[in-house]
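S.K.: can you look at this prediction? I've put the sequence above it.
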Amino acid sequence: MARHVVATVDDIAPGQRKLVHVQGRDIGIFNVGGEFFAIANRCPHEGASLCKGRVVGLVESSEPGSYQLSRPGEMVRCPWHGWEFDLRTGKSWCDPLRTKVRAFDLKVEEGAALVEETLLRTFPVSIERQYVVIEV
Amino acid sequence: MSTLELDRGRPAEAKLRVIDCDIHPAMNAWTEVHPYLAKKWIEHLTVYGSHLRHAFSEALTHPRMSPDAARVDAYPDEGGPPGSSLALMRSQHLDPNGVAFGMLIPLRWNPGSQRNLDFGVALTLAMNTWQVERWVKNEPRLRASILIAQEDTVGSVAEIEARASDPNFTQILLLPRTDEPLGRRRYWPIFEAAERNNLPIAVHVGGTNGHSSTGGGWPSYYMEEHHAVAETMQSVLSSLVFEGVFERFPGLRVVIMEGGLGWIPSFSARMDKHWSRLRSEVPHLKRSPSEYIREHVWFTTQPMEEPGRASQLIDLFDRIGWDRLLFSTDYPHWDFDDPRHAFKAPLSEAQRAQLLYGNAQAFYGID
């Protein structure tokens, strides 16, 4: 496992996502209302790019005729067949134990703390900005 | 079944060679067919519009899960609906998925469900020329389908005869929600023309005949409508079999497109059981229903069944007949099947090649 700087915080606006390539893996970085999450990009069902999916909330129902929408922006739907994945865990809603993508540890860190550290980065780090760092 | 783990890097890329039997081309604008329509029909379209046999003009029988029924990633950068860009079709589908040949299944206009029969026939002429001019001439991997307006059999047969010797076309195309069950004699001139010209009849899900989409009435949810395609295909097959279409036209070949697969063995077995007891009602049948289906009917694979246990998928293919399955993706629709991942069962290289390429090669007589 190694730490990788993959984006600046400003790269990815709230509600948006960025596809990054780290050690041969495609990983999607998602900004959910200022909170960042990293999941494997390939849908485990047929391989579509989850970064191209729509980000949605969680629709649930306690009984027929009743609908609740919660957790806005915390789920991504596969752009092909619509499988819903929880951006916090990588688990699908319908089959969380078997149909899931890996969720990577992610931290937002100050450039000032990172410049001294030997870690893998895809671009220069400056002390005055904030960065998204994932562990792969 | 173990956890699905496609996310562990990309699998080694085996060389794919695919015949995709279900690709949906789209138009940037409806005016794309105007060059191929007589002036009076352009005028008709402008003044009166397109009218299908249900309440809301141009509406689908039920809203789809995704806008345009499309993959979210299939919208061209240059604008236009999914399926309208040949460049994107090449870069997103034909090239990376190893598609050597792709069969065009145009759904726009739904000419077979137009209330104005003459207009429906005129649209088939336009759509058929459009397929060649817009697609096949620009992409030699693609093949057109002879779209017909089946409720006008005279117009349908004329269009079949006009296109039959054109190598750009591989088959006759209609949608299964017809005015009457498809085996009824009113449609036999179409089957006769198909047999005479050795062209298969492709029956792709769709059509708006004004009847409810399920035998139990109009459903509430798209999921129910999506499942009802299997009911519709069962109606098509039982009608073709019991009306005696395959007795009357022994050279007829039918391909059922996008109707699912899991129901086929049980449906065939049930028809056989009924036939063994009630045969005298349909004495024109000389053999059991399943024999006619096994001999005359092929099925496209998408949407592939995912039974959960690989052995059940193999068993399903054994029961349908491996040589009757034609691979299809449904590009660019949302329920697209990827040739790398669609079959969730271990297949030998020979089986995979047969499903992805060999069966369609034999069926369409591709060299």
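M.R.: Great, that's in hand.

S.K.: render the CA-only coordinates of the longest strand along chain A in CSV, please.
M.R.: Longest strand in chain A, counting residues (DSSP state E): strand A:68-77. What follows is strand A:68-77, C-alpha atoms only, in CSV (Å, rounded to 0.1, in the frame of the first residue of the first chain):
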residue,chain,number,x,y,z
GLN,A,68,-38.4,8.8,1.2
LEU,A,69,-35.4,10.4,-0.4
SER,A,70,-32.3,10.6,1.8
ARG,A,71,-28.5,10.9,1.5
PRO,A,72,-28.6,13.2,-1.6
GLY,A,73,-25.7,12.6,-3.9
GLU,A,74,-24.3,9.7,-2.0
MET,A,75,-25.1,7.0,-4.5
VAL,A,76,-23.8,6.5,-8.1
ARG,A,77,-25.9,4.6,-10.6
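
S.K.: contact partners of it?
M.R.: The contact list for strand A:68-77, computed with CB atoms under 8 Å, 6 or more residues apart in numbering or on different chains, reads A:14-15, A:17, A:28, A:30, A:32-33, A:39, A:50, A:53-62, A:83-88, A:93, B:72. C-beta: built from backbone N, CA, C; applies to glycine.

S.K.: can you flag the buried ones in those residues?
M.R.: Those of the contacts of strand A:68-77 that meet the buried threshold are A:17, A:28, A:30, A:32, A:39, A:50, A:53, A:55-56, A:83-87, B:72, by 16 or more other CB atoms under 10 Å in any protein chain shown.

S.K.: any weak-confidence spans in the chain?
M.R.: You didn't say which chain, so I picked chain A. Filtered on pLDDT under 70, chain A yields the residue ranges A:120-122.

S.K.: hm, I was asking about chain B
M.R.: Using pLDDT under 70, the flagged stretches of chain B are B:1-14.

S.K.: how about the helices in it?
M.R.: Assigned by DSSP state H, the helices in chain B fall at B:39-47, B:86-88, B:117-130, B:153-163, B:188-196, B:222-242, B:245-248, B:264-278, B:289-296, B:310-320, B:349-353, B:359-364.

S.K.: out of the ones you listed, which one sits most buried?
M.R.: Sort these by mean neighbour count, taking mean count of other CB atoms under 10 Å in any protein chain shown, and helix B:117-130 sits at the top with a mean of 22.

S.K.: contacting residues around that one?
M.R.: Contacts of helix B:117-130 (CB under 8 Å, 6+ apart): B:27, B:32-33, B:36-38, B:41, B:44-45, B:50, B:106, B:108-109, B:111-114, B:144, B:146-149, B:151-152, B:155-156, B:158-159, B:163, B:169.

S.K.: and if you look at stretch A:38-45?
M.R.: For stretch A:38-45, contacts defined as CB under 8 Å, 6+ apart pick out A:6, A:19, A:25-30, A:48-51, A:76, A:78, A:80-81, A:83, A:85, A:87, A:90, A:92, A:99-106, A:132, A:134, B:3-7, B:10, B:341.

S.K.: just the CA coordinates of it, formatted as CSV?
M.R.: Output of stretch A:38-45 as CSV, limited to C-alpha atoms (Å, rounded to 0.1, in the frame of the first residue of the first chain):
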residue,chain,number,x,y,z
ALA,A,38,-12.8,7.0,-3.9
ILE,A,39,-14.2,3.8,-5.4
ALA,A,40,-13.0,1.5,-8.2
ASN,A,41,-14.4,2.7,-11.5
ARG,A,42,-15.4,-0.5,-13.1
CYS,A,43,-18.9,-1.8,-12.4
PRO,A,44,-18.6,-5.4,-11.2
HIS,A,45,-21.6,-6.4,-13.3
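
S.K.: pretty sure residue B:143 contacts residue B:136?
M.R.: Yes: using CB atoms under 8 Å, residue B:143 is in contact with residue B:136, at 6.6 Å.

S.K.: overlap in contacts, these two.
M.R.: B:104, B:168.

S.K.: what's around the closest residue to residue B:211 other than its chain neighbours, how many residues?
M.R.: Nearest non-adjacent residue to residue B:211, counting by CB to CB, 6 or more residues apart in numbering or on different chains: residue B:177, 7.2 Å away. Residue crowding around residue B:177 was assessed by other CB atoms under 10 Å in any protein chain shown; the count is 25.

S.K.: and the residue nearest the centre of the chain?
M.R.: No chain in the question, so chain A it is. Closest residue to the average C-alpha location of chain A: residue A:38 at 3.1 Å, with CA atoms, centre = their mean.

S.K.: so it belongs to a strand, correct?
M.R.: Yes: counting by DSSP: H, G, I helix; E, B strand; the rest coil, residue A:38 is located in a strand.

S.K.: residues contacting the nearest residue to residue B:61 once chain neighbours are set aside?
M.R.: Among residues not flanking residue B:61 along the chain, residue B:213 sits closest, at 5.2 Å (CB to CB, 6+ apart). Neighbouring residues of residue B:213 by CB under 8 Å, 6+ apart: B:61, B:62, B:177, B:219, B:225, B:228, B:232.

S.K.: again, only this time at 7 Å
M.R.: Shown in contact with residue B:213 (CB atoms under 7 Å, 6 or more residues apart in numbering or on different chains): B:61, B:219, B:225, B:228.

S.K.: now do the helices in chain A.
M.R.: For chain A, applying DSSP H gives helices covering A:111-114.

S.K.: spell out which parts of it neighbour chain B.
M.R.: By CB under 7 Å from any CB of the partner chain, the residues of chain A that approach chain B are A:24-25, A:40, A:42, A:44-49, A:52-54, A:79-82, A:98-99, A:101-102.

S.K.: could you flag which of these are buried?
M.R.: A:25, A:40, A:42, A:44-49, A:52-53, A:79-82, A:99, A:101-102.

S.K.: where's the residue nearest to the centre of chain A relative to chain B, distance?
M.R.: Counting by CB to the nearest CB, to the nearest Å, the gap from residue A:38 to chain B is 12 Å.

S.K.: what bridges to that residue?
M.R.: With DSSP bridges applied, residue A:38 shows beta-bridge pairing to residue A:29, residue A:104.
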